[in-house]
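Novice: sequence? don't have it. structure:
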């Protein structure tokens, strides 16, 4: 299959996003000090969960399909995928406390409920199928991948349900909704370019754009909380290092010292998230090679 210029460009963009977002790791590392452990734990707790490998497999499967087979398979999967996101967002409204994240959750519920209704109606109008019946019309390969994706969503929901109400819930919701949105962007790629019905192409493009925008917002919010945790971790480092002295910020340090350099990294992290989100859908071939290299 010939890869379009758009998809080749997307692969480059997500590769750049990965370089921006993922810190380099040395082959050999010295034993970690208590202070380093505190810092590493704080930073890890404020990184998004990884995107499910099954999402890329579904993207590859969709890339092989044409016509009604592409539309039915995509609609069967995305309806289930959206319903999982709605459940996560509803839980955020029950347990989350951050006003901005709660607003995003409300938007996710409204937008994705609208698309679920729209896609369900189109399945019936175009092919005389319900979402459940559509699952019986997809290939065995696609059905297996969809079942694995549903299990991933169920595990994610179970983990989220175990998180108590408050700021911690906001953080965990964002860490999980980012990879869930990433997988949605991957699934939107083929129908937005090759669906038979123009209205489905438009809806897929709109859905991808909305989720990409939300991913950037969520990454920016998460990076800000990671910086807060880093400052908290710095105080704990002094405790772990055997000193209980209060830290005194030099005059002007917030503008010109370490605080300024840390704050300036937020746009870089956000930019990496934007690149990764924008390129997620076009990376199926590249990811297949990367997975092979990692397993080899």
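Specialist: Arrived safely, thanks for sending. Bear in mind that the values here come from a model prediction, so they are computed numbers and not experimental data.
Novice: buried ones in stretch 174-190?
Specialist: For stretch 174-190, a neighbour-count test (16 or more other Cβ atoms under 10 Å) marks 174-190 as buried. For every residue, glycine as well, the C-beta is placed using N, CA and C.
Novice: What helix or strand is the residue lying closest to residue 191 once chain neighbours are set aside located in?
Specialist: Excluding the flanking residues, the one nearest residue 191 by Cβ to Cβ, 6 or more residues apart in numbering is residue 204, at 4.2 Å. Using DSSP states H and E, residue 204 maps to helix 198-240.
Novice: what do you get for residue 165?
Specialist: Here residue 165 is assigned to no helix or strand, by DSSP H and E.
Novice: Got the phi and psi for it?
Specialist: Here is the backbone geometry of residue 165 (degrees, to the nearest 10): phi -70, psi 150.
Novice: burial of it, as a residue count?
Specialist: 11 (other Cβ atoms under 10 Å).
Novice: My understanding was that it contacts residue 97; is that so?
Specialist: Yes. Under the criterion of Cβ atoms under 8 Å, residue 165 makes contact with residue 97 at 7.3 Å.
Novice: Against residue 114, how distant is residue 186?
Specialist: 21 Å (Cβ to Cβ, to the nearest Å).
Novice: Sorry, wrong one. I was asking about residue 70.
Specialist: 22 Å.
Novice: okay, these two: which has more neighbours?
Specialist: Taking other Cβ under 10 Å, residue 70 and residue 114 do not tie; residue 70 has more neighbours (20 against 13).
Novice: give me every residue that touches that one.
Specialist: Listed by Cβ atoms under 8 Å, 6 or more residues apart in numbering, the contact partners of residue 70 are 62, 190, 191, 194, 195, 196.
Novice: And the pLDDT for residue 47?
Specialist: Note on residue 47: pLDDT of 89.
Novice: Could you count how many residues lie near it?
Specialist: Residue 47: 16 surrounding residues under other Cβ under 10 Å.
Novice: Skipping adjacent residues, who's closest to it in space?
Specialist: Closest to residue 47 by Cβ to Cβ, 6+ apart is residue 175, at 7.1 Å.
Novice: pretty sure the one you found contacts residue 48?
Specialist: Yes. Contact criterion Cβ under 8 Å: residue 175 and residue 48 qualify, at 5.3 Å.
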